[in-house]
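> give me a model of this one.
(one chain, ligands or ions: 1)
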Amino acid sequence: MDISLTGVTVEIAGKSLIRELHLEADAGQIVGLVGPNGSGKSTALRCVYRALTPSAGAVFLDGTDIATLTLRENAKYVAALTQDNHTDLDFTVSEVVALGRTPHLRGNEALSAKEHDLCREAMAQTDVLHLKDRSILTLSGGERQRVFIARALVQEPRVLVLDEPTNHLDVRHQVELLSFLRKSGLTVLVAIHDLNLAAAACDRLGVLAQGELVAAGAPIDVLTPALVRQVFGVEATVVPHPKTGVPQLLYDLKERA
Ligand SMILES: Nc1ncnc2c1ncn2[C@@H]1O[C@H](COP(=O)(O)OP(=O)(O)OP(=O)(O)O)[C@@H](O)[C@H]1O
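Here you go, the predicted structure:
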């Protein structure tokens, strides 16, 4: 399923959070959104999972304006991992993951055996199966993040929207998650701060600065020292990864006085 943001603008309380954003992900592509804090990455993603309605412009899934879909229909196609996924509810990990099936169920319908298998598979995939009977409230930040990723996977979406999915994850789980996404065949829109992980995982990157898209394209074309200086105010040397050739950034720390 392909996704396209066309001229998406979000204004709240007279302030423009994103302006005229055009961004596309072809079916099965991973497209990363990078940019400084407050540049509008989460705002753009919120428009895709319908937590926000654009003030102008639209989001299309395979050519259908998502504003014409019910929220339940949208949730059958799009699953999201948000930054504000903390919960006060004392649910077990299995219960939280099973909630991902909600858009596919009618009323209080129970999960089928196949759906239970799907939940087990997602928990194994995200390495939380051993935690299935634990309260979500007792988990570490990284464990909890992996539970919410499992919940998004059991939704069986065609598009995954991930806001900082590697937050809290140790390096093994970061690599496993991004490797899984690359194999999954899902269309993925991901906001990510780590430019090296973004370059390794994403087919294309969109760079946001102050609510505007300032560059878009393959990581090798986008992640230049000049762009990193202009957008992030940081000096970096860009080298090709010795095995894969993807650009990797080495940051020049300021010398001690
Ligand atoms: N509901 C709101 N009302 C007013 N301003 C908002 C609202 N939501 C977000 N903003 C502002 O819009 C800007 C963009 O926020 P957004 O969360 O999209 O940035 P981001 O690029 O995801 O940042 P970060 O990297 O810090 O997560 C920020 O300046 C933020 O303070």
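> need the residues of the stretch 51-200 of the chain near the ligand, please.
Applying C-beta under 6 Å from any ligand atom, we find that the stretch 51-200 of the chain lies next to the ligand at Ala191. C-beta here means a position set from N, CA and C on the backbone, and glycine is covered the same way.
> could you pull out the strands for the stretch 51-200 of the chain?
56-61, 64-65, 78-81, 159-163, 187-191 (DSSP state E, counting those that start in this stretch).
> using JSON lines, please lay out the ones you listed together with mean neighbour count and mean pLDDT.
Converted to JSON lines, the strands of the stretch 51-200 of the chain look like this (neighbours: other C-beta atoms under 10 Å; pLDDT from 0 to 100):
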{"stretch": "strand 56-61", "mean neighbour count": "18", "mean pLDDT": "97"}
{"stretch": "strand 64-65", "mean neighbour count": "12", "mean pLDDT": "96"}
{"stretch": "strand 78-81", "mean neighbour count": "23", "mean pLDDT": "94"}
{"stretch": "strand 159-163", "mean neighbour count": "24", "mean pLDDT": "95"}
{"stretch": "strand 187-191", "mean neighbour count": "26", "mean pLDDT": "97"}
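> now those in a markdown table, with distance to Ser112?
What follows is the strands of the stretch 51-200 of the chain, written out as a markdown table (distance: least, C-beta to C-beta, whole Å):
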| stretch | distance to Ser112 |
| --- | --- |
| strand 56-61 | 26 |
| strand 64-65 | 28 |
| strand 78-81 | 19 |
| strand 159-163 | 23 |
| strand 187-191 | 26 |
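> select, out of those strands, the one closest to Glu255.
With C-beta to C-beta as the criterion, Glu255 lies closest to strand 187-191 of those, at 32.0 Å.
> measure how the closest one sits relative to strand 56-61, angle-wise.
Here the directions of strand 187-191 and strand 56-61 differ by 140 degrees (axes from the mean of the first three to the mean of the last three C-alpha atoms, to 10 degrees).
> I appreciate the help and will end here.
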